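Asker: For reference, the sequence and a predicted model appear below.
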Amino acid sequence: MHETERHTAILSAVQDRPFVSVADLCGLTGVSEATIRRDISTLHMQKKLRRVRGGAEAIAPPQFVGLAGRTFAVNETIRRAEKQAIARAAAELCEDGEPIIINGGTTTFQMVHPLASRRLQVFTNSFPIAEHLLKHSKNTVMLSGGAIYREQNIILSPFENDVTRNFYARRMFMGAQGLGPLGLMEADPLLIQAEEKLIGQADELVVLVDSTKFTARSSLVLCPLTRIDVVITDDGISDRAAAMLEAADIRLIVAPKGAAARTGSD
């Protein structure tokens with residue numbers, strides 16, 4: 001990640017929570033502590049954040065507490081090529097006229113580009129997905145109701161009687177915080193609540209995760225492996241993770257960067 005991209009990611013992270021540690025920023029950007037400390041010092045001198053012991057904080061801390069996890073703006077800069085390849089493979093599963101659900105996220109957002117030439121019925125809780133498809137495609141677009149969480153660009157409703165229950169989908173496409181033996185994991189209870197409703201409206205669940213998500217963990221399990229029908233990932237997936245999916249009878253599609261996707265076990 002280049003310096004400009006790191007600075008953007010760091011500033012976005014400190015706007016999302018009161019304090020961000022050096023270790024968190026290392027994990028976010030993939031660079032060393034020394035590099036992060038230099039970045040923090042530079043941004044502190046530019047009066048864009050405040051350097052504090054062990055990390056950084058925003059000059060004007062956010063008044064609204066968003067969802068747990070990284071922001072959309074930060075996630076969008078990470079493993080972009082892998083996400084684009086995964087999204088292309090996901091779009092290839094769709095047939096014109098089908099009703100589908102696309103859950104909010106930066107990997108699922110990349111589906112908007114290959115879907116621009118298609119004609120589907122798309123239900124989403126993602127503001128940027130809906131906006132892009134409305135502007136650049138002839139797909140029919142429906143949005144869920146609720147509050148917009150700006151940092152994640154996602155719409156969530158705490159109510160059971162929202163429009164979600166009235167939409168049927170052939171497939172639901174979604175990302176996740178992590179994917180392990182216990183199933184799909186997410187970072188926030190509100191996300192769990194909203195995504196459980198969406199999953200219940202689809203015949204088939206297609207999970208879009210880059211290969212790093214097989215080692216990522218969270219304290220919240222969204223659904224077990226038995227509910228997942230297809231996993232699409234990049235060619236960095238380990239043999240152990242692939243074997244886990246095969247044992248759970250999950251179809252695996254591997255989408256190498258810049259190449260045609262290949263299908264694994266059915």
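Answerer: Cool, got the structure.

Asker: Which strand residues bridge the closest residue to Ser21 other than its chain neighbours?
Answerer: Once flanking residues are discounted, Ser21 sits nearest to Gly55: 4.1 Å by CB to CB, 6 or more residues apart in numbering. To be clear about C-beta, it is placed using only N, CA and C from the backbone, and glycine gets the same treatment. Here Gly55 shows beta-bridge partners Ser21, Val52, assigned using DSSP bridges.

Asker: Excluding residues flanking it in the chain, which one is nearest the residue minimising distance to the centre of the chain?
Answerer: The centre of the chain sits closest to Gly105, judged by CA atoms, centre = their mean, with a distance of 3.2 Å. Leaving aside its chain neighbours, Gly105 sits nearest to Gly175 (3.8 Å; criterion: CB to CB, 6+ apart).

Asker: do you know how far that neighbour is from Ile232?
Answerer: 10 Å (CB to CB, to the nearest Å).

Asker: quick one on the thing from earlier: quick one: contacts for the residue nearest to the centre of the chain?
Answerer: By CB atoms under 8 Å, 6 or more residues apart in numbering, Gly105 lies in contact with 75, 126, 174-175, 208.

Asker: Redo these as a markdown table? Include pLDDT and neighbour count.
Answerer: Converted to a markdown table, the contacts of Gly105 look like this (pLDDT from 0 to 100; neighbours: other CB atoms under 10 Å):
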| residue | pLDDT | neighbour count |
| --- | --- | --- |
| Asn75 | 64 | 21 |
| Ser126 | 90 | 25 |
| Met174 | 95 | 25 |
| Gly175 | 92 | 24 |
| Leu208 | 97 | 28 |
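
Asker: of those, closest to Ala87?
Answerer: Comparing the contacts of Gly105 against Ala87 with CB to CB places Leu208 closest, at 6.7 Å.

Asker: Pop the domain breakdown of this structure in here.
Answerer: Following automatic domain parsing, the chain resolves into domains at 3-65, 80-263.

Asker: Out of the ones you listed, name the one with the poorest average pLDDT.
Answerer: Sorting the domains of the chain by mean pLDDT places domain 3-65 lowest, at a mean of 85.
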